[in-house]
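Chemist: Fold the following.
(one chain, ligands or ions: 1)
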Amino acid sequence: MSTSTRHTGGVAILDYGSQTTQLIARRLRDQGVYAEIFPWDSDESRVMAIAPRGFILSGSPASVYEPDAPRLPGYVLRSGLPALGICYGMQLLAHALGGRVAGAGQREYGHADVTLDPQPSPLLDGLPTIMPAWMSHGDRVEIPPPGWRALASTPHAPFAAMGDEAARRYGVQFHPEVTHTPAGPALLRNFARAICGCAADWTPDSIIDESIAAVRAQVGDGRVVLGLSGGVDSAVAAALIHRAVGDQLTCIFINTGLMRQGEPEQVVATFRDTMGIPLVAVDAAETFFGALEGVTDPEQKRKVIGALFVRSFEAEARRLESLGHVEFLAQGTIYPDIIESAAKDRPGAHKIKSHHNVAGLPDDMHFTLVEPLRYLFKDEVRRIGAALGLPDEIVWRQPFPGPGLAVRCLGELTWERVERLRKADAIVTGELARAGLLRGDPATGAGTAQAFAVLLPVRSVGVMGDGRTYQEAVAIRAVTSDDFMTAAWARLPYDVLAEISRRIVNEVPGVNRVVYDITNKPPATIEWE
Ligand code: XMP
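Modeler: Numbering: from 1, shown residues only. All right, here's what the predicted structure looks like:
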């Protein structure tokens, strides 16, 4: 059993496989209401363990009349707690309570104007009378269950929102969790706060307090080791655990030589010098570059780096162990890494990412895991990182792959080529930071979610001064993205691109050409590899 912050008294979201289920939880938590996601067929006892004050039933690609369609668990109605069905979730409620659901004849997909019924309802309180909303459904409710009434409609859906106010059960045909439904957060807040009676007590301070209490309860007076990667998750986990158990925590930082410019120095300065956290920093660059000599295949690079990382970490952990028993291994695992999706057959949905984990430690190195960020979304991790006093450069650091610059230096990884990439990358990020474009804001699309340089093993002819050059090319990759599953190439201002290109060619020896990657994901990926 690992450390977790299990807040109680929030909303339980039952996931039926919609792509946007996570957004429901994020919209509620943004407003201070705790929400947790469970696959729809979870055990009742697991769901009730958080003492929910209400349920939200997500959308789904399924149809309620399909033979194997996911069902409404009996305890939802039996509990008598408020329930809000979204899209498929509304059809489930309608179906279970004696209403009629049918194929819509006309599929409604995309923007719709929802008109509110003149008779007010607690669910729609304070919302605009005619409001834009995002629809995505084939089926629709034809006849509501007894005791329910229409709360809003669209031209194609007479029951765009409906409810049984006495029973505190509601359904909406549209998706309040997506940004295309601007009044969606207010609707979700009405449900959680006014109808369920949830408190808005999910704040950075309360998360920190509860996490500290949980870490203390788990760890007691045991010793904890944590691998710092330079990324935000392990950094916030370290700061939190240190606050909970002080010097019982030792951090291990393996400098692979594949970090970004200034990163190793910053890790040491922040954690050891500023925060006073015991930190073992190992400069393993030579070992890594030695092992990578002649390796050009991307998968092979990853394998070599992964194996060597585990071995280096193990060596340091054993050294600490020889000074006194270490029982716990802390990791910066976050909520999206562990959410089990209800869409079991969706590609990738069931794969639990192991990027952050020191997977592959030998069996005799048995640690108990401490994972204080296990129930937190990335934005919550950043917020509590800031509240714990971590510097902006760490809190707002863009995602960086575990194998580091290895996945951005195509071809052979020599120290000289990685240095070339590191310099070019520092120019890309430095210029974007100067232009205020380094932080991605998914809501407005401003800035970049991820931006970096890629070194290509391609040489081309150029002229510099009087001479002809034959040197490598750098690609700039900059994307906007909400969840990194899809991404759009960032429309960076020409002037910024011009300055980046000018500086790279002038300041980075061995590079005479800069290109800009204008491919979205899909079909391309964010990293080049
Ligand atoms: P792709 O390239 O697949 O990347 O579009 C999606 C996101 O995942 C990051 N990424 C990684 N993160 N270890 C990580 O921790 C890895 O091996 C890895 N490979 C890709 C990538 O930077 C992007 O944010």
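
Chemist: my read: H7 touches D209, true?
Modeler: No. H7 is beyond contact range of D209, at 10.9 Å (criterion: C-beta atoms under 8 Å). Where C-beta positions appear, they are placed from N, C-alpha and C, glycine not excepted.

Chemist: ok, these two, which is more surrounded?
Modeler: Comparing H7 with D209 by other C-beta atoms under 10 Å, the one with more neighbours is H7, at 19 against 12.

Chemist: OK, contacts around the closest residue to the more buried one other than its chain neighbours?
Modeler: Excluding its sequence neighbours, the residue lying closest to H7 (C-beta to C-beta, 6 or more residues apart in numbering) is Y34, at 4.1 Å. For Y34, the contacting residues are 7-11, 28, 50, 198, 201-202, by C-beta atoms under 8 Å, 6 or more residues apart in numbering.

Chemist: just P146 next, same as before
Modeler: P146 neighbours (C-beta under 8 Å, 6+ apart): 97-98.

Chemist: please redo it, this time with the cut-off set to 7 Å
Modeler: Going by C-beta atoms under 7 Å, 6 or more residues apart in numbering, P146 touches G98.

Chemist: doesn't it fall inside a strand?
Modeler: No. Counting by DSSP: H, G, I helix; E, B strand; the rest coil, P146 is not part of a strand but coil.

Chemist: Let me see the confidence value for it.
Modeler: In this model, P146 is scored at 97, pLDDT.

Chemist: before we move on, back to that, now, of the contacts of Y34, which are buried?
Modeler: Burial by neighbour count, judged by 16 or more other C-beta atoms under 10 Å, picks out 7, 9-11, 28, 50, 198, 202 from the contacts of Y34.

Chemist: Lowest pLDDT pick from these?
Modeler: Ranking the buried ones among the contacts of Y34 by pLDDT puts H7 at the bottom, with 91.

Chemist: Roughly how far does it sit from V33?
Modeler: Distance, H7 to V33, using C-beta to C-beta, to the nearest Å: 10 Å.

Chemist: what's the answer for A488, then?
Modeler: Taking C-beta to C-beta, one finds A488 at 31 Å from V33.

Chemist: and the two? which has more neighbours close in?
Modeler: Taking other C-beta under 10 Å, A488 and V33 do not tie; V33 has more neighbours (26 against 14).

Chemist: I figured the more buried one hits V11, correct?
Modeler: Yes. Counting by C-beta atoms under 7 Å, V11 is a contact partner of V33 at 6.4 Å.

Chemist: overlap in contacts of those two?
Modeler: In contact with both V33 and V11: 192, 198, using C-beta under 7 Å, 6+ apart.

Chemist: just the strands in the stretch 201-350 of the chain please.
Modeler: 224-228, 249-255, 279-283, 328-330 (DSSP state E, counting those that start in this stretch).

Chemist: so V172 touches G163, yeah?
Modeler: No. In this structure V172 lies outside contact range of G163 using C-beta under 7 Å: 9.1 Å.

Chemist: near the ligand, which residues of the protein show up?
Modeler: 355, 399, 401-403, 407, 450, 484, 521, 525-527 (C-beta under 6 Å from any ligand atom).

Chemist: avg pLDDT for the longest strand seen in the chain?
Modeler: The residue-count maximum for a strand in the chain (DSSP state E) belongs to strand 100-116. Averaged over strand 100-116, pLDDT sits at 83.

Chemist: where's that strand relative to the chain centroid, distance-wise?
Modeler: Put simply, strand 100-116 sits 31 Å off its chain's centre (C-alpha atoms, centre = their mean, to the nearest Å).

Chemist: Check stretch 196-213 too.
Modeler: Distance, centroid of stretch 196-213 to centroid of chain: 20 Å (C-alpha atoms, centre = their mean).

Chemist: give me the number of residues near the closest residue to V381 other than its chain neighbours?
Modeler: Spatial nearest neighbour of V381, excluding adjacent residues (C-beta to C-beta, 6+ apart): V236 at 5.1 Å. V236 has 28 neighbouring residues, counting by other C-beta under 10 Å.

Chemist: Test my guess that I504 contacts V515.
Modeler: No. I504 is not in contact with V515 according to C-beta under 7 Å; the separation is 10.8 Å.

Chemist: Quick check on those two: which one has the bigger neighbour count.
Modeler: Neighbours were counted for I504 and for V515 using other C-beta under 10 Å; I504 has more, 25 against 14.

Chemist: Assumed the more buried one was part of a helix.
Modeler: Yes. Under three-state DSSP, I504 sits within a helix.

Chemist: residues in contact with it?
Modeler: By C-beta under 7 Å, 6+ apart, the contact set of I504 is 424, 427, 474, 511, 514.

Chemist: Excluding residues flanking it in the chain, which one is nearest the first one?
Modeler: Leaving aside its sequence neighbours, A424 sits nearest to A453 (C-beta to C-beta, 6+ apart; 4.1 Å).

Chemist: what's the spacing between that neighbour and the ligand?
Modeler: 13 Å (C-beta to the nearest ligand atom, to the nearest Å).

Chemist: Tell me how far the closest residue to the ligand within the stretch 151-300 of the chain lies from G385.
Modeler: Using C-beta to the nearest ligand atom, the single residue of the stretch 151-300 of the chain nearest to the ligand is G231, 7.6 Å away. Separation of G231 from G385 (C-beta to C-beta) stands at 11 Å.

Chemist: Check the secondary structure at the closest residue to V232 other than its chain neighbours for me.
Modeler: With C-beta to C-beta, 6+ apart as the criterion, V232 has its nearest non-adjacent residue at 5.3 Å, and that residue is R397. Following three-state DSSP, the label given to R397 is coil.

Chemist: Output the below-cut-off pLDDT ranges for the stretch 201-350 of the chain.
Modeler: 341, 343-350 (pLDDT under 70).

Chemist: Mind doing that once more with 80?
Modeler: Within the stretch 201-350 of the chain, the stretches with pLDDT under 80 are 340-350.

Chemist: which residue ranges form the helices in it?
Modeler: Here the stretch 201-350 of the chain has its helices, by DSSP state H, counting those that start in this stretch, at 204-219, 232-245, 263-267, 285-292, 298-322, 335-338.

Chemist: In stretch 29-49, which residues are buried?
Modeler: 29-40, 42, 47.

Chemist: what does stretch 215-227 give?
Modeler: Buried-residue list, stretch 215-227, by 16+ other C-beta under 10 Å: 215-216, 218-219, 223-227.

Chemist: Next, the one residue in the stretch 1-150 of the chain that gets nearest to the ligand: phi, psi?
Modeler: Nearest residue of the stretch 1-150 of the chain to the ligand: Q22, at 15.7 Å (C-beta to the nearest ligand atom). When read as degrees, to the nearest 10, the backbone of Q22 gives phi -60, psi -30.

Chemist: Give me the subset of the contacts of Y34 lying in strands.
Modeler: Counting by DSSP E, these contribute V11 to strands.

Chemist: what ranges of the stretch 51-200 of the chain fall below the confidence cut-off?
Modeler: 103-109, 137-138.

Chemist: ranges for the strands of it?
Modeler: Going by DSSP E, counting those that start in this stretch, the stretch 51-200 of the chain shows strands at 54-57, 83-86, 100-116, 130-143, 149-153, 161-164, 169-172.

Chemist: Distance check, A160 against P176.
Modeler: Look at A160 and P176: by C-beta to C-beta, they are 11 Å apart.

Chemist: Contacts only, for E36.
Modeler: Contacts for E36 (C-beta under 7 Å, 6+ apart) come out as 10, 12-13, 25, 50, 375.

Chemist: can you redo those as a markdown table with distance to L437?
Modeler: Converted to a markdown table, the contacts of E36 look like this (distance: C-beta to C-beta, whole Å):
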| residue | distance to L437 |
| --- | --- |
| G10 | 36 |
| A12 | 39 |
| I13 | 34 |
| A25 | 29 |
| I50 | 39 |
| Y375 | 32 |
